[in-house]
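> return atomic coordinates for the entry below.
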Amino acid sequence: MSLPPLVEPAAELTVDEVRRYSRHLIIPDVGMEGQKRLKNAKVLCVGAGGLGSPALMYLAAAGVGTLGIVEFDEVDESNLQRQIIHSQADIGRSKAESARDTVLGINPYVQVNLHKDRLDSSNVMELFAQYDLIVDGTDNFATRYLVNDACVLLNKPYVWGSIYRFDGQASVFWSEHGPCYRCLYPEPPPPGMVPSCAEGGVLGVLCASIGSIQVNEAIKLLAGIGDPLVGRLMIYDALEMTYRQVKVRKDPECAVCGKNPTVTELIDYEAFCGVVSEEAQEAAVGSTITPAQLKEWLEGGEKIELIDVREPNEFEIVAIPGARLVPKNEFLMGNALQDLPQDKRIVLNCKTGVRSAEVLAVLKNAGFADAVHVGGGVIGWVNQIEPEKPVY
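As a prediction, the model looks like this:
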């Protein structure tokens, strides 16, 4: 389905710009007019991480005239395996500022607008209204639904991408011409059901594969060329090296873009997506200890069974001394309960405390009333107790 160009062309290209974009200009489908449209375009990239890195770099190289960057985080060493817009020298810097410097190094003719606040319901509408197109590079469900709903309410198209381990997905959502994200995923998955990239990992180069597809779709929308991924979900398997497409139809009963929408304004997306289930939150009340408390118990000879509920590959990277590995899924399946000691207090830990809280709820329901979990998990332990150990 071809669509009209999203933006009008700029008045002209300078001599330097003609030299720079000459390989675009000799493509008949792009040409001078298409390049002028890119110059006149304003694109906002949500996130300067795994997907945002290649997206921003290729949008800049392509000659998109104005790039906005929404990013509140700082560069961490663990980012560098995939977030190629940042370098070793940028560790500790604002990701937004680091990304801006790289973008301007690629193309000094691009105007870069920094938005260093966390995107939420209070600022998203005003921010999105300033741009023609949104590129979504977020990695959490709450922000994905926020981006989608704001774009539907503002009638803005956006290019979506998702990555996990070796798998990637991409699509274009534009409620005026096709489905929105909620048509594909009406409800978020249950809390803890889908691991984040921080928990499950991601192949670094996968970010480039999906991020470049996002830019390709952005260029097509801005210039009005080709057949955008509206109404189609592209699925990429890097291990098998396969691409396949799934048709996505507009849902007439969609809560936000359907015939009788029930979501007519922005909502509390953290509550909607439930980062931690209510059961886990309730179980953790009064049953959360600090890394310092755990250290005292270990040194004082308390009768505890320290259980790490992460995955084996995470356990190999770093673990709290004395911990025994029993992955979370073993508890959810019920397989691990019979092996738990009855004469010791169970102490659970994971990476940050989210998965251990979910397992804690399982143990409480199974009668282990005195079980606790470590708030902050292994990351908290390393930061407070053993700073010489690696984190991930």
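> and the longest helix along the chain, what does it pack against?
Longest helix in the chain, counting residues (DSSP state H): helix 204-223. With contacts taken as 3 or more C-beta pairs under 8 Å, 6 or more residues apart in numbering; DSSP states H and E, helix 204-223 sits against helix 31-40, helix 52-62, strand 133-136, strand 158-164, strand 167-173, strand 232-237. Bear in mind the C-beta positions are built from the backbone N, C-alpha and C, glycine included.
> can you give the strand pairings for the third one, parallel or anti for each?
It stands for strand 133-136. Strand 133-136 has its sheet partners listed here by DSSP bridges as strand 42-46 (parallel), strand 158-164 (parallel).
> got the angle between the helix or strand harbouring Asp101 and helix 52-62?
Element membership of Asp101 [criterion: DSSP states H and E] is helix 95-106. Put simply, helix 95-106 runs at 30 degrees to helix 52-62, going by axes from the mean of the first three to the mean of the last three C-alpha atoms, to 10 degrees.
> what does helix 95-106 contact?
Residues from elsewhere that reach helix 95-106, judged by C-beta atoms under 8 Å, 6 or more residues apart in numbering: 48-49, 52-53, 56-57, 60-61, 67, 69-75, 79, 83, 85-87, 90, 110, 112, 114-116.
> now the strands for this structure?
42-46, 66-70, 111-115, 133-136, 158-164, 167-173, 232-237, 242-247, 288-289, 304-308, 324-325, 345-349, 372-374 (DSSP state E).
> show the average pLDDT along the third one.
The predicted model gives strand 111-115 an average pLDDT of 98.
> buried ones in it, by neighbour count?
112-115 (16 or more other C-beta atoms under 10 Å).
> domains in this structure, as residue ranges please.
15-274, 278-385 (the TED database).
> what is the burial count for the nearest residue to Ala284 once chain neighbours are set aside?
Excluding the flanking residues, the one nearest Ala284 by C-beta to C-beta, 6 or more residues apart in numbering is Ala357, at 4.7 Å. By the measure other C-beta atoms under 10 Å, the count of residues near Ala357 is 27.
> Ala357 contacts Val285, doesn't it?
No. Using C-beta atoms under 8 Å, Ala357 is not in contact with Val285, being 10.1 Å away.
> remind me which residues of the protein are low pLDDT?
Regions of the chain meeting the criterion pLDDT under 70 cover residues 192-193, 274-275.
> report the contact partners of Gly200.
Counted by C-beta under 8 Å, 6+ apart, Gly200 has contacts 164-165, 311.
> and those, which are buried?
164, 311.
> may I see the contacts of Gly200 organised as JSON lines, with distance to Ile27 added?
Converted to JSON lines, the contacts of Gly200 look like this (distance: C-beta to C-beta, whole Å):
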{"residue": "Tyr164", "distance to Ile27": "33"}
{"residue": "Arg165", "distance to Ile27": "35"}
{"residue": "Glu311", "distance to Ile27": "46"}
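> closest one of the contacts of Gly200 to Glu176?
Proximity of those to Glu176, judged by C-beta to C-beta, is greatest for Tyr164, which lies at 29.5 Å.
> identify the bridge partners of the closest one.
Asp167.
> these two touch, right, His24 and Gly34?
Yes. Between His24 and Gly34 there is a contact at 7.2 Å, judged by C-beta under 8 Å.
> looking at those two, which is more packed in?
A count of neighbours by other C-beta under 10 Å puts Gly34 above the other of His24 and Gly34, at 24 against 18.
> next up, the contacts around that one.
24, 27, 223-225.
> mind putting these into CSV with distance to Asn260?
CSV is the format used below for the contacts of Gly34 (distance: C-beta to C-beta, whole Å):
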residue, distance to Asn260
His24, 44
Ile27, 44
Ala223, 35
Gly224, 32
Ile225, 35
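> of the residues you listed, grab the buried ones for PyMOL.
Buried residues among these (16+ other C-beta under 10 Å), as a PyMOL selection:
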select buried, resi 24+223+224+225
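> just put the domains of the chain in TSV and tack on distance to Glu8.
Shown next, in TSV, are the domains of the chain (distance: least, C-beta to C-beta, whole Å):
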stretch	distance to Glu8
domain 15-274	6
domain 278-385	47
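> residues contacting the residue lying closest to Gly224 once chain neighbours are set aside?
Nearest residue to Gly224 in three dimensions, chain neighbours excluded: Pro5, at 3.0 Å (C-beta to C-beta, 6+ apart). Going by C-beta under 8 Å, 6+ apart, Pro5 touches 37, 222-224.
> cool, Tyr164 as well?
Each residue near Tyr164 by C-beta under 8 Å, 6+ apart is listed here: 194-195, 197, 200, 202.
> near Gln342, how many other residues are there?
If we define neighbours as other C-beta under 10 Å, then Gln342 has 7 of them.
> and for Phe72?
Phe72 has 14 nearby residues by other C-beta under 10 Å.
> got it, and the one 5 residues further on?
Close neighbours of Glu77, defined as other C-beta under 10 Å, add up to 13.
> same check on Asn365?
Asn365 has 10 nearby residues by other C-beta under 10 Å.
> now do it against Gln342, distance only.
Asn365 is 16 Å from Gln342, where distance means C-beta to C-beta, to the nearest Å.
> try Glu74
45 Å.
> one step back: list just the nearest of the contacts of Gly34 to Leu239.
Ile225 (31.8 Å).
> wait, what's in contact with that closest one?
By C-beta under 8 Å, 6+ apart, the neighbours of Ile225 are 2, 29-30, 34, 219.
> so what does it look like in phi/psi?
Torsion angles at Ile225 (phi, psi; degrees, to the nearest 10) stand at phi -120, psi 160.
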